[in-house]
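> From the sequence below, what's the structure:
(chains A, B, C and D)
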Protein chains: 2
Amino acid sequence: MPDTKKPSRIQMRNRRVILDAALDVFSRHGYRGATLDQIATEAGLSKPNILYYFNGKEEIHVTLLSQLMETWLDPLVEMDAGGDPLDEILAYVQRKLDMTRDLPRESRLFANEILQGAPRMGSQLHDGLKPLFDEKCAVITGWVAAGKLAPVDPRHLLFSIWATTQHYADFEVQVDTLLGGGAEVFDGAAAHLETLFRKLLTP
Amino acid sequence: MPDTKKPSRIQMRNRRVILDAALDVFSRHGYRGATLDQIATEAGLSKPNILYYFNGKEEIHVTLLSQLMETWLDPLVEMDAGGDPLDEILAYVQRKLDMTRDLPRESRLFANEILQGAPRMGSQLHDGLKPLFDEKCAVITGWVAAGKLAPVDPRHLLFSIWATTQHYADFEVQVDTLLGGGAEVFDGAAAHLETLFRKLLTP
DNA sequence: CAGAAATTTTACCATTTGGTAAATCCACGA
DNA sequence: TCGTGGATTTACCAAATGGTAAAATTTCTG
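Below you'll find the model as predicted:
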């Protein structure tokens, strides 16, 4: 097990290479649809070599999901209870949309895992996401109570924000088929979502 | 091949049983994650028996996707260019949400397929969905031009409707974890989405 | 009921896949 | 430069999986 002490330079590099390849493969094919051979090929390493760095397919997947969780929650963590309510939420929508554009593989990895019932992630949802979710819901409820936002169910509001932003990564193929592809998709999406949530929340 | 002439009663029954079991398994585990043995067990038949009714795993999957396409487009087809714009769109949102509640397996089957890049569905997106999408976008554009709706990009509007409604099936595990489960989820969702899109679209 | 046709089971098979053991290679500090 | 521990490859394996052939059984029809 190379992870008992401090990792060498070569270990750092190969672990990163493997995780990057695995992210590609897992996000495209889901956990069971991904194979170690695919990951190995994409990483430019042999399969046994990969198993020298990770104890098995599942450990690679779990490692990716753990790392993802931090990145994923970050934009919501940054939502500041002391800021201007409408600005804070609209900025959050933009951060989330930026993440969808810049990290579509991560979005699809997450979507895949949730779709299959979160078999390797249930605890992280409960222990990592739920407390943050409850905290931010309370913040939004406070904003509504103070008359700074139009009345809204904060839980369904957050669901709507997640759904509308992640849609552009998770359903990318459909979006591209219907719009004809192109990078300007996200400009249109940004404008649309800003309007959508501004109109909903303006008191 | 039992599908050359008119199917017998026993064929009708078994094909239905198999497709129902396959929908369960494919929607939970994705195409590659599903196994014929699982489908066979769930259907109460033997694996070779299943292959007597379908020529292979892929044929079962494709059959499900084809059947799904009709069901899936139906709510949008019903949107009437001659009706009241706001009513028509809000009614469409409700129909879509009802479908998400009543057919969550179908929603997840579709999501799985799109997530993986629609490898067995690309043509149906292009030939089935796109024409309808373009047609309804034109209708909405007409409504906006006539001043019946607030200015909106019809394409992103439809994306938002799809994303927010299907979210409750595709991310069911997450929604249940965060809300504590319960059937009243959809009541809250219905109220929230009605408000969301009403505020967006009211001129 | 007899025989044909449809249906189901039994017994397989080839390939893929996650994983392992052991031999080999290689970088690097003494 | 030489030896040692980390890194990599080669050669496997057992289980799972999609699929098939053919025998056995059930169902339908005259």
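> excluding its backbone neighbours, what's nearest A:Gln61?
No, residue A:61 isn't Gln; it's His. Nearest non-adjacent residue to A:His61, counting by CB to CB, 6 or more residues apart in numbering or on different chains: A:Tyr31, 5.7 Å away. Every C-beta, even on glycine, is put in place using the N, C-alpha and C of the backbone.
> Just confirm that neighbour contacts A:Ala118, I think it does.
No. Counting by CB atoms under 8 Å, A:Tyr31 does not reach A:Ala118; the two are 11.0 Å apart.
> And A:Gln67, how far from A:Leu103?
To A:Leu103, A:Gln67 is 11 Å away according to CB to CB, to the nearest Å.
> before we move on, what about A:Leu65?
In terms of CB to CB, A:Leu65 sits 14 Å off from A:Leu103.
> Which helix or strand contains the residue nearest to A:His61?
helix A:9-33 (DSSP states H and E).
> who has more neighbours, A:Gln67 and A:Leu103?
Set side by side, A:Gln67 and A:Leu103 show more neighbours around A:Leu103, with 18 against 13, by other CB atoms under 10 Å in any protein chain shown.
> For chain A, which segments count as strands?
For chain A, no strands are identified by DSSP state E.
> pLDDT below threshold where in it?
A:1-8 (pLDDT under 70).
> how is it carved up into domains?
A:1-55, A:65-201 (automatic domain parsing).
> Of the ones you listed, which stretch is the most buried?
Most buried of these by mean neighbour count (mean count of other CB atoms under 10 Å in any protein chain shown) is domain A:65-201; its value is a mean of 18.
> quick one: A:Arg95 and A:Leu73 touch, right?
No. In this structure, A:Arg95 is not within contact of A:Leu73 by CB under 8 Å, at 11.5 Å.
> how far away is A:Asp187 from B:Ile140?
Distance from A:Asp187 to B:Ile140, by CB to CB: 20 Å.
> meant to ask about A:Leu51
Using CB to CB, one gets 53 Å for the distance from A:Leu51 to B:Ile140.
> Next up, the contacts around A:Ser160.
A:197, B:164, B:167, B:192-193, B:196 (CB atoms under 8 Å, 6 or more residues apart in numbering or on different chains).
> Can you name the two of those that sit furthest apart?
Using CB to CB, the pair of those lying farthest apart is A:Phe197 and B:His167, separated by 15.2 Å.
> just the residues of chain A that are near DNA strand C, which are they?
A:34-37, A:47-48, A:51, A:55-58 (CB under 7 Å from any atom of the strand).
> what about the closest residue to A:Glu42 other than its chain neighbours, distance to A:Phe54?
In this structure, A:Glu42 finds its nearest non-sequential neighbour in A:Ala21, 3.8 Å apart by CB to CB, 6+ apart. Per CB to CB, A:Ala21 is found 12 Å from A:Phe54.
> now A:Tyr92
For A:Tyr92, the distance to A:Phe54 - CB to CB - is 34 Å.
> what do you get for A:Gly142?
Taken as CB to CB, the span from A:Gly142 to A:Phe54 is 44 Å.
> same deal with A:Ala111?
23 Å.
> Counting by contacts, list what the helix holding A:Tyr31 packs against.
Where contact means 3 or more CB pairs under 8 Å, 6 or more residues apart in numbering or on different chains; DSSP states H and E, helix A:9-33 is packed against helix A:36-43, helix A:47-53, helix A:57-77, helix A:104-115, helix B:9-33.
> can you list these in a markdown table and add distance to DNA strand D?
Converted to a markdown table, these look like this (distance: least, CB to the nearest atom of the strand, whole Å):
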| stretch | distance to DNA strand D |
| --- | --- |
| helix A:36-43 | 9 |
| helix A:47-53 | 4 |
| helix A:57-77 | 13 |
| helix A:104-115 | 17 |
| helix B:9-33 | 6 |
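> Looking at those, which is nearest to A:Leu149?
Proximity to A:Leu149 (CB to CB) singles out helix A:57-77 among the helices and strands packed on helix A:9-33, at 16.6 Å.
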